[in-house]
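> Mind folding the following:
(one chain, ligands or ions: 1)
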Amino acid sequence: MLDGMRTPMVDYCGALGHVSPTDLGIKAARAVLQRSGVSPGDVDSVIAGNMAPGDFEQFMLPRHIGLYAGVPVEVPAIMVQRICGTGFELFRQAGEQIQSGAANVALVVGAESMTRNPIAAFEHRTGFKLGAPVGFKDFMWEALKDSAAGIDMIQTAENLAKKYGITREAVDEFASSSFAKAVAARDAGFHAGEIVPVVSEKFELPGYATRGISLGKLTEVAQDTHARPSPVEVLAKLRAVHAGGVQTGGNSAALVDAAAAAVVASGAYVKARGGKPLARVVAAAVVGVPPEIMGIGPAPAIRLLLERCGLRLEQIGRFEINEAQGAQTLAVARELDLDLGKLNVNGGAIAMGHPLAVTGVRLTVTVAREIQRAGMRYGIASACVGGGQGIALLLENPQGGAA
Ligand SMILES: CC(C)(COP(=O)(O)OP(=O)(O)OC[C@H]1O[C@@H](n2cnc3c(N)ncnc32)[C@H](O)[C@@H]1OP(=O)(O)O)[C@@H](O)C(=O)NCCC(=O)NCCS
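Numbering: from 1, shown residues only. From the prediction side, this is the model:
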């Protein structure tokens, strides 16, 4: 991975709520190409991810991101989808393409507008039957349910809380520390190192329609918006999503709009170009787990990854495990007997948000930057996946560092 950048992650219905995910993706893609110094003409594969259709253009999202980022018209683009694991899957696919010789330089981009999740109906193409119910529903709310297991994503975390004996107090304490770490990392300037501020601007493509971003009266959006000091006593007062449960709006992943992009290239390309990459993408692992405890996915995915790479858990300096829900992340930590001091040290999705297809790119870039910052050798980024999967990536600091 030569470099990775993202837009700020902005609470849904906020400043980025009117921006198409395609334009957020173009913004992140242009930024990472510019900062890495990779010419768009060198990119020979565009791999993009997006979950919620943010407008009627979603079919074209990968293609338009590639074209408006300046990638040549001959270069193909594909959409990849593994729900909350999508961002990681982009790197996995880039790695496979590069390893097989199908590509030399891949542009990977995750883009998500949680705000623009449609209010959708699927039965009305043939009309409305008199007296029959009208089927329009909130795509976001409905899509967070798993009809096979008959429960929503928050309930999958409640199942883990019961299974691992995780209390509301423990979840709030974990959430409070996620907020504190995110605020500290923001104030120390760590997050700014991966953020490209979003401004009103036009994206030109000679011979084709001009598109762009309009922020209305705002001149710039430069920071994540969700993180704020959140003492346990404040979080403890919030109402549980499901009566008697441990999950609340304060200790579950925040809903945000964002995009993130990275450039992944072959060793030969990196060598020929000179300079140091951000990280080596060493390996990936994906597993299935029971849908009703989907949140445990990172535990077997990380175990499989370590087994494949011949490494032990103690050799990994940093972990970024997506905080879909507080009880879910704690269950993974307990299952792996993970040192919490190595986990999400710059804050997690509870404090910063979880824009579905973006999260894997964000966490992979963050862990790569963090192992460099801390002078460590290995980092793992991982997430659970609705429907019951887990995915994990191993990153290596090219500067070495202590194992
Ligand atoms: C949990 C969830 C349903 C909550 O949604 P919501 O009700 O819209 O959440 P809100 O952000 O409005 O938070 C609820 C309340 O907590 C408050 N709150 C949230 N975080 C807080 C914090 N850090 N400090 C103080 N108050 C906080 C809000 O202000 C709000 O208060 P209000 O009701 O008085 O306005 C939603 O965030 C969710 O589903 N998250 C998980 C997403 C997910 O599962 N993703 C996929 C994983 S597989």
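
> residues from the stretch 251-400 of the chain in reach of the ligand?
252-253, 255, 324, 354, 386 (CB under 6 Å from any ligand atom). No exception for glycine: its C-beta is placed from N, CA and C like everyone else's.

> Walking through the stretch 51-200 of the chain, point out its strands one by one.
77-80, 105-112, 119-120, 137-138, 145-146, 151-152, 198-199 (DSSP state E, counting those that start in this stretch).

> The second one near the ligand anywhere?
No: residues of strand 105-112 are not located near the ligand by CB under 6 Å from any ligand atom, the shortest gap being 11.1 Å.

> Distance from the chain centre to that strand, please.
Computed by CA atoms, centre = their mean, to the nearest Å, the chain-centroid distance of strand 105-112 equals 11 Å.

> Up against the ligand, what does the stretch 1-150 of the chain have?
For the stretch 1-150 of the chain, the residues in contact with the ligand (CB under 6 Å from any ligand atom) are 84, 144.

> before we move on, back to that, reformat the residues of the stretch 251-400 of the chain next to the ligand as a markdown table; add neighbour count and secondary structure.
Putting those into a markdown table (neighbours: other CB atoms under 10 Å; DSSP: H, G, I helix; E, B strand; the rest coil) gives the following:
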| residue | neighbour count | secondary structure |
| --- | --- | --- |
| Ser252 | 24 | strand |
| Ala253 | 26 | coil |
| Leu255 | 21 | coil |
| Ala324 | 31 | coil |
| His354 | 26 | coil |
| Gly386 | 24 | coil |
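
> Most widely separated two among the residues you listed?
Largest separation among those by CB to CB: Leu255 and Gly386, giving 14.3 Å.

> Need the residues of the stretch 251-400 of the chain next to the ligand in a markdown table (columns: pLDDT).
Shown next, in a markdown table, are these (pLDDT from 0 to 100):
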| residue | pLDDT |
| --- | --- |
| Ser252 | 98 |
| Ala253 | 98 |
| Leu255 | 98 |
| Ala324 | 98 |
| His354 | 98 |
| Gly386 | 98 |
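
> From Leu313, how far out is the residue most central in space within the chain?
Closest residue to the average C-alpha location of the chain: Thr359 at 0.6 Å, with CA atoms, centre = their mean. Relative to Leu313, Thr359 is positioned 22 Å away (CB to CB, to the nearest Å).

> Show me the shaky parts of this protein.
Along the chain, the model assigns pLDDT under 70 to residues 402-403.

> closest point of it to the ligand, which residue?
Evaluated by CB to the nearest ligand atom, the chain has Gly249 as its residue closest to the ligand, separated by 2.4 Å.

> So that residue is in contact with Leu238, correct?
Yes: here Gly249 reaches Leu238: they are 6.0 Å apart, a contact under CB atoms under 8 Å.

> Please identify which of those two sits among more neighbours.
Higher neighbour count among Gly249 and Leu238: Leu238, with 16 against 12, using other CB atoms under 10 Å.

> That one: which element?
Per DSSP states H and E: Leu238 is located in neither a helix nor a strand.

> That one and Asn251, how far apart?
Separation of Leu238 from Asn251 (CB to CB): 8 Å.

> re earlier: how close does the residue of the chain closest to the ligand sit to Cys84?
From Gly249 to Cys84 the distance is 18 Å (CB to CB).

> Phe179 now?
In terms of CB to CB, Phe179 sits 21 Å off from Cys84.

> Please apply the same query to Gly347.
Taking CB to CB, one finds Gly347 at 18 Å from Cys84.

> what about those two, which has more around it?
Higher neighbour count among Gly347 and Cys84: Cys84, with 29 against 25, using other CB under 10 Å.

> Make sure that one is actually in contact with Ser382.
No: under the criterion of CB under 8 Å, Cys84 is not in contact with Ser382, lying 10.5 Å apart.

> Residues in contact with both of those two, list them for me.
Asn322 (CB atoms under 8 Å, 6 or more residues apart in numbering).

> ok, Ala149 to Glu292 distance?
4 Å.

> if I look at those two, which residues touch both of them?
Thr156.

> and Leu278, that's in a helix?
No: going by DSSP: H, G, I helix; E, B strand; the rest coil, the assignment for Leu278 is coil, not a helix.

> count of residues packed around it?
Neighbours of Leu278 using other CB under 10 Å come to 22.

> Ala299 versus that one, what's the distance?
Note on Leu278: its distance to Ala299, by CB to CB, is 27 Å.

> Please apply the same query to Leu311.
Leu311 is 16 Å from Ala299, where distance means CB to CB.

> who's more crowded, the two?
When neighbours are counted by other CB under 10 Å, Leu311 and Ala299 differ, and Ala299 comes out ahead with 23 against 18.

> How about the more buried one, nearest residue that isn't a chain neighbour?
In space, and not counting its chain neighbours, Ala299 is closest to Glu335: 4.1 Å by CB to CB, 6 or more residues apart in numbering.

> Just to check, Met352 is in contact with Val10?
No: using CB under 8 Å, Met352 is not in contact with Val10; the gap is 10.5 Å.
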